[in-house]
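> structure of the sequence below:
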Amino acid sequence: MKTFENRQTMVPELTAVRCNLCGRDVEKNSVGYLEDHVSLTKMWGYHSPYDGEAHEIDLCVDCYKGWTKQFEIPPLVQAPDYVWE
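The predicted model follows:
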């Protein structure tokens, strides 16, 4: 037989994001969710310039657009399989 108890647990909630490039806060939409942004995490390997470090970067949409325009080879973009009506 199983016995259950209701317990209150602490769950971390993302409440704010600041763009690493421009320094602006990522805005929240009308229902309180953070607008779309890019989050990158890189765990650097041994013998790299950042040997064993983990780096995290957040970019707003405007900075992502500007950054990727500088790429010699643009990012691969895949359109969604659905159509909004």
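> any weak-confidence spans in this structure?
85 (pLDDT under 70).
> which residues in it form helices?
Taking DSSP state H as the test, the helices found in the chain are 61-69.
> tell me where it has strands.
With DSSP state E as the definition, the chain shows strands at residue ranges 37-43, 54-60.
> tell me the most buried of the ones you listed?
Per-stretch averages of neighbours, counted by mean count of other CB atoms under 10 Å, single out strand 54-60 among the strands of the chain, with a mean of 15. For glycine as for every other residue, the C-beta is placed from the backbone atoms N, C-alpha and C.
> centre-most residue in the protein?
Most central in the chain under CA atoms, centre = their mean is Ser39, positioned 2.4 Å from the mean C-alpha point.
> who's in contact with that residue?
Ser39 sits next to Val17, Glu56, Ile57, Asp58 when contact means CB atoms under 8 Å, 6 or more residues apart in numbering.
> related to what we said a few turns ago, as CSV, the strands of the chain with distance to Asn29 would be great.
As requested, the strands of the chain are exported to CSV (distance: least, CB to CB, whole Å):
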stretch, distance to Asn29
strand 37-43, 12
strand 54-60, 14
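> of those, give the one that comes closest to Pro75.
Proximity to Pro75, assessed across those by CB to CB, is greatest for strand 37-43 (10.4 Å).
> number of nearby residues for the residue lying closest to Pro75 once chain neighbours are set aside?
Once its chain neighbours are removed from consideration, Pro75 has its nearest residue in Thr68; the separation is 5.6 Å (CB to CB, 6 or more residues apart in numbering). The criterion is other CB atoms under 10 Å. On that basis, Thr68 has 13 neighbouring residues.
> let the chain start at 223 from now.
Sounds good: first residue 223 from here, last item Thr290.
> okay but Thr290 is in contact with Val299, surely?
No. Using CB atoms under 8 Å, Thr290 and Val299 do not qualify as a contacting pair, with a distance of 9.8 Å.
> ok, Lys250 touching Glu257?
Yes. With contacts defined as CB under 8 Å, Lys250 counts as touching Glu257 at a distance of 6.9 Å.
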